[in-house]
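K.L.:
Quick one: sequence and predicted model below, then my questions.
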Amino acid sequence: MTKFLGLLDIAVVGCGVAGQAAATLLAESGHRVTIYERFTEPQPIGAGLLLQPTGLAVLRKLGLADAAIAGGARVTGLEARTHRGRSVLDLHYADLHPLAHGVGIHRATLFDLLHGRLLQSPAKLVTGTEIVDVDKTHLVEENGARHGPFDLIVAADGAHSALRARLMPQVRAPLYSWGCMWTTVPDLLGIGAAGLLRQRVRGTRLMMGLLPVGRGEVTIYWSLPIRALGRSKTIDLASWRRTATALWPEAAAIIDHAATGDFARATYRHVALARWNAGPVLFIGDAAHGTSPQLGQGANLGLMDAWTLATTLADAPDLLSAFLRFERRRDPAVRYYRHASHLLTPFFQSRLAPLGWLRDAVMGPACHVPGLRVMMGSTLAGTRRGWLSATPLGDNGCFPLDV
Ligand SMILES: Cc1cc2nc3c(=O)[nH]c(=O)nc-3n(C[C@H](O)[C@H](O)[C@H](O)COP(=O)(O)OP(=O)(O)OC[C@H]3O[C@@H](n4cnc5c(N)ncnc54)[C@H](O)[C@@H]3O)c2cc1C
């Protein structure tokens, strides 16, 4: 007779995209789940992001996809140009399937959807609780307060994970030397109507992105070296406005508006774990595989982790087998996106000017070579499982989670 793991006491640390999706799915599978968040009021930080067919498939399982599409903007592709108008990237989901698309969405909208869903689930939410360590099966706060015991602890505490630093001190998770500032402003130019994520680059030092995020708004990304992004550093928005307008004159109205407001700042880490777990603690989301956001996959990978974890626990005989199966299922895609992001980032964010020349000479034409176009399109859509393989989209253009 097949033996199954049964229902577990599970702690999830971190109330972000990955943690909330995991807590909801695990609690609704019958496990006793408590999710811990350091902030008293859990909240999203930053502006908009792009949901891919992979992330949308998980949201569909949570019953949230229609609301995400309605609250965001349908995105049909990615178009990047140099300041001279030369095409660098020209990718469309329709190359994979006529019905395929992404969704640009404000973080607050995505957060509210996931949070509302979490609160409807049997998971218990504990806020204002910063978890700094794990002692065997218990979570530990800075003041020594303990929570537990738990059979399984899911660490979803983000790219700068304190639990990863504590439990896997050998893991190097270096900061990228470039980050970005970003904000969301009214779409004064009707950018959203074209349904494209647009980027404008000049060499490897200047990059701006405009992502429609629905509700008549657009998110602006502006690349900066991390030494300019420290909390104590003032960003000269008048000077930024001049540089950005020179890079992208057609976006002047949006730039002017953004220059009167506030930007959030983001730094990223390259996180590569040799194993996904340390004892009963399983790392998911950015805590396990933070990348630069160049390929727009982090939140989607975190949603896929959550789905895979819930389904893997359902048919594993014990926790160790569950971890091994989870790792086998998630490793190919995660490895590919970690490597590809790492490889690509200096072509867009670095001081290495020759990489910019190479990018401008090669990437635009590569988008029109049939095999490469599909490979680059599937990379954008989040469907790759490695350099040589990708999961085909289903008949409806959606990512097939159950194959
Ligand atoms: C500029 C930028 C653009 C991006 N664009 C995209 C995009 O287009 N598409 C995409 O898919 N991804 C994108 N990403 C990546 C995406 O934002 C992340 O991959 C995603 O938010 C990670 O989710 P997470 O749940 O793993 O971590 P987080 O969202 O970081 O959540 C971690 C949670 O844990 C909590 N926490 C942290 N430490 C503790 C602790 N010790 N105790 C308790 N709680 C704790 C935090 O408060 C937070 O609530 C982008 C990222 C950046 C920076």
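P.N.:
Received the coordinates, thanks.
K.L.:
Within the helices and strands, which one has the residue nearest to Arg329 when sequence neighbours are not counted?
P.N.:
Leaving aside its chain neighbours, Arg329 sits nearest to Thr308 (5.1 Å; criterion: C-beta to C-beta, 6 or more residues apart in numbering). Every C-beta, even on glycine, is put in place using the N, C-alpha and C of the backbone. Per DSSP states H and E, Thr308 falls inside helix 298-314.
K.L.:
Would you agree the residue nearest to Arg329 is in contact with Asp331?
P.N.:
No - judged on C-beta atoms under 8 Å, Thr308 makes no contact with Asp331 at a distance of 10.6 Å.
K.L.:
which of these two has more neighbours?
P.N.:
Counted by other C-beta atoms under 10 Å, Thr308 and Asp331 do not tie: Thr308 has more neighbours, with 22 against 14.
K.L.:
Quick check: pLDDT value at that one.
P.N.:
As predicted, Thr308 sits at a pLDDT of 98.
K.L.:
ok, now which ones touch it?
P.N.:
Residues near Thr308 by C-beta atoms under 8 Å, 6 or more residues apart in numbering: 326, 329-330.
K.L.:
Out of these, which comes closest to Thr54?
P.N.:
Arg330 (11.7 Å; C-beta to C-beta).
K.L.:
shouldn't Thr40 be in contact with Val126?
P.N.:
No - Thr40 lies out of contact with Val126 (C-beta under 8 Å); the separation is 10.7 Å.
K.L.:
Neighbour count: those two, which is higher?
P.N.:
The neighbour count for Thr40 versus Val126, taken as other C-beta under 10 Å, is higher for Val126 (14 against 9).
K.L.:
For the closest residue to the more buried one other than its chain neighbours, grab the count of nearby residues.
P.N.:
Closest residue in space to Val126, ignoring its immediate chain neighbours: Tyr36 at 5.0 Å, by C-beta to C-beta, 6+ apart. By the measure other C-beta under 10 Å, the count of residues near Tyr36 is 25.
K.L.:
what sits against Tyr36?
P.N.:
Applying C-beta under 8 Å, 6+ apart, the residues near Tyr36 are 11-15, 126-127, 129, 131, 139, 147.
K.L.:
Would you mind naming what in the protein lies close to the ligand?
P.N.:
Neighbours of the ligand within the chain, by C-beta under 6 Å from any ligand atom: 13-19, 36-39, 42, 46, 49-50, 130-132, 156-158, 162, 180, 182, 221, 266, 268, 285-287, 293, 296-300, 302.
K.L.:
Need the buried ones from the residues you listed selected in PyMOL.
P.N.:
Applied in PyMOL, the following selects the buried portion of these according to 16 or more other C-beta atoms under 10 Å:
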select buried, resi 13+14+15+16+17+18+19+36+37+38+42+46+49+50+131+132+156+157+158+162+180+182+221+266+268+285+286+287+293+296+297+298+299+300+302
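K.L.:
The residues of the chain next to the ligand in helices, which ones?
P.N.:
17-19, 162, 286-287, 298-300, 302 (DSSP state H).
K.L.:
residue boundaries of the helices in the chain?
P.N.:
17-28, 53-61, 65-71, 107-120, 162-167, 237-247, 252-259, 286-289, 298-314, 319-348, 353-366, 370-381.
K.L.:
For these, please prepare TSV with the additional fields distance to Leu91.
P.N.:
Output for the helices of the chain, formatted as TSV (distance: least, C-beta to C-beta, whole Å):
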stretch	distance to Leu91
helix 17-28	24
helix 53-61	13
helix 65-71	20
helix 107-120	23
helix 162-167	33
helix 237-247	21
helix 252-259	23
helix 286-289	23
helix 298-314	16
helix 319-348	13
helix 353-366	10
helix 370-381	5
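K.L.:
I'd like to know which of the ones you listed lies nearest to Tyr176.
P.N.:
Nearest of these (C-beta to C-beta): helix 319-348, 6.5 Å.
K.L.:
picking up where we left off before, what angle do the helix holding Thr308 and helix 319-348 make?
P.N.:
170 degrees (axes from the mean of the first three to the mean of the last three C-alpha atoms, to 10 degrees).
K.L.:
Burial check on Leu324, number of neighbours?
P.N.:
With other C-beta under 10 Å as criterion, Leu324 counts 15.
K.L.:
Tell me the pLDDT of it.
P.N.:
If you check Leu324, the pLDDT there is 97.
K.L.:
Report the separation between it and the ligand.
P.N.:
Leu324 sits 22 Å away from the ligand, taking C-beta to the nearest ligand atom, to the nearest Å as the criterion.
K.L.:
Tell me which residue in the stretch 51-200 of the chain sits closest to the ligand.
P.N.:
Gly158 (2.8 Å; C-beta to the nearest ligand atom).
K.L.:
pretty sure that residue is in contact with Gly285, am I right?
P.N.:
Yes - at 7.0 Å, Gly158 and Gly285 qualify as touching, with contact defined as C-beta under 8 Å.
K.L.:
hey, what's in contact with both of these two?
P.N.:
What both Gly158 and Gly285 touch, as defined by C-beta under 8 Å, 6+ apart, is the set 14, 16.
K.L.:
Turn the ones in helices among the residues of the chain next to the ligand into a markdown table, including distance to His368 and pLDDT.
P.N.:
Listed next are these as a markdown table, based on distance: C-beta to C-beta, whole Å; pLDDT from 0 to 100:
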| residue | distance to His368 | pLDDT |
| --- | --- | --- |
| Val17 | 34 | 98 |
| Ala18 | 36 | 98 |
| Gly19 | 41 | 98 |
| Ala162 | 46 | 96 |
| Asp286 | 34 | 98 |
| Ala287 | 38 | 98 |
| Gly298 | 28 | 97 |
| Ala299 | 29 | 98 |
| Asn300 | 26 | 98 |
| Gly302 | 33 | 98 |
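K.L.:
which stretches of the chain have low pLDDT?
P.N.:
1-3, 403 (pLDDT under 70).
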